[in-house]
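Q: Have a look; sequence and predicted model below, questions after that.
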Amino acid sequence: MLKKIVFMGTPIFAVPILKSLYQNGYPISVVYTQPPQKSKRGQKINKSPVQGMSENLNIEFRTPSSLKNNNEEYEYLKNLDADIAIVVAYGQIIPKEILSLTKKGFINIHASLLPKWRGAAPIQRSIMSLEKKTGISIMKIDEDLDTGPICNSYEIDILANDNAETLSVKLSSLASEKILKNIDNIFDEKIKFKDQLHKEATYADKIEKFEGKIDWDNSADKIIGKINGLYPSPGAWFLYKGERYKILKANLGNGTGNAGDILNDHLEICCDNNSIKVLEIQREGKRPQNINEFMLGSKIKKGSNIKDA
């Protein structure tokens with residue numbers, strides 16, 4: 001059994017892994033997570049989900065804004081003399097000098113089948129690219145972005161109705177189970193790390209809000225991929241008469257017409273090929289609505305075209 005573990009993570013994705021380690025008797029000496037953020041209106045301070053769980057479990061946590069050139073955190077970790085660090089979506093670059101401060105290194109759980117989708121948004125990018133499979137990779141962190149050697153990868157299917165939220169939950173659950181099968185073997189050196197096939201690497205850049213705009217000249221499959229990949233945030237959207245509408249859920253249809261045509265009173269919209277059937281939508285500044293409720297008072301009517309409206 002390990003003696004000292006450092007855990008580094010920030011979003012809800014990381015919480016089940018932290019909880020799994022704790023509940024299975026692995027001693028978490030300290031948690032590192034991103035510092036609390038002010039809300040948009042600046043009235044509320046929002047702690048990270050990992051900080052909240054650390055408080056609930058009564059685990060010491062630290063929230064430095066950066067580890068780069070941070071002598072205080074360097075000295076803290078040096079004196080801690082931890083056995084291993086587990087990193088899950090921490091959200092900060094870990095400097096080379098910090099990576100040397102545990103006996104067995106810094107082990108990262110990454111939400112893709114590396115070397116595919118290195119970077120910040122692997123779950124979203126895999127869905128948007130219409131991938132059929134994804135998974136998690138357990139790897140040793142080196143100086144570059146998600147390039148370190150891998151000890152194990154675990155694959156799952158991406159289902160037609162999966163979105164970034166549901167797939168994140170599945171991958172987080174998978175990671176919380178599989179880290180328990182790997183951590184002792186890593187510490188006891190009973191597992192081998194293999195170099196990635198760097199020539200096959202693809203990159204999952206951070207999602208930008210402008211990427212959510214729907215291009216109705218794209219295929220229906222690609223538009224569904226964007227809707228699902230960007231759910232719940234920042235969302236896939238279109239403009240109609242100066243108002244923004246975010247499509248939250250949709251299915252493939254088989255309607256035909258010009259791109260952007262509204263085919264019926266249930267908001268079936270033509271794309272480059274076939275159509276999409278909107279199931280849930282959110283008008284800017286309003287709450288989400290199912291399509292029947294939305295269409296009762298909607299300005300978007302059968303026969304309209306929203307492509308350039």
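A: Good, I have the coordinates.

Q: can we go C-alpha only for contacts and neighbour counts from here?
A: OK.

Q: Enumerate the positions of stretch 249-263 that are buried.
A: 249, 250, 251, 252, 253, 255, 258, 259, 260, 261, 262, 263 (16 or more other CA atoms under 10 Å).

Q: element containing the second one, please.
A: For residue 250, the host element (DSSP states H and E) is strand 243-253.

Q: Give me the distance between that strand and the centre of its chain.
A: 21 Å (CA atoms, centre = their mean, to the nearest Å).

Q: Stretch 107-119 now?
A: That offset, for stretch 107-119, works out to 11 Å (CA atoms, centre = their mean).

Q: what do you get for stretch 210-218?
A: 20 Å.

Q: And the average pLDDT for that stretch is what?
A: The pLDDT scores in stretch 210-218 average 97.

Q: Neighbours of the residue nearest to residue 259 when sequence neighbours are not counted, how many?
A: Spatial nearest neighbour of residue 259, excluding adjacent residues (CA to CA, 6 or more residues apart in numbering): residue 271 at 4.5 Å. Neighbourhood size, residue 271 [other CA atoms under 10 Å]: 26.

Q: Cross-check the contact I'm expecting between residue 271 and residue 263.
A: No - using CA atoms under 8 Å, residue 271 makes no contact with residue 263, being 10.9 Å away.

Q: In the sheet, which strands lie alongside the strand holding residue 250, parallel or antiparallel?
A: Strand pairing for strand 243-253, using DSSP bridges, gives strand 236-240 (antiparallel), strand 275-283 (antiparallel).

Q: Name the next helix or strand downstream of it, please.
A: strand 268-270.

Q: on that earlier part again, next up, the contacts around the residue nearest to residue 259.
A: Counting by CA atoms under 8 Å, 6 or more residues apart in numbering, residue 271 touches 216, 217, 218, 219, 220, 256, 257, 258, 259, 260.

Q: can you redo the residues you listed as JSON lines with distance to residue 84?
A: Output for the contacts of residue 271, formatted as JSON lines (distance: CA to CA, whole Å):
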{"residue": "216", "distance to residue 84": "49"}
{"residue": "217", "distance to residue 84": "50"}
{"residue": "218", "distance to residue 84": "47"}
{"residue": "219", "distance to residue 84": "47"}
{"residue": "220", "distance to residue 84": "46"}
{"residue": "256", "distance to residue 84": "57"}
{"residue": "257", "distance to residue 84": "58"}
{"residue": "258", "distance to residue 84": "58"}
{"residue": "259", "distance to residue 84": "54"}
{"residue": "260", "distance to residue 84": "54"}
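
Q: now, among those residues, which is nearest to residue 171?
A: Using CA to CA, residue 220 comes nearest to residue 171 of the contacts of residue 271, at 26.1 Å.

Q: Please verify my assumption that that closest one contacts residue 275.
A: Yes - between residue 220 and residue 275 there is a contact at 5.6 Å, judged by CA under 8 Å.
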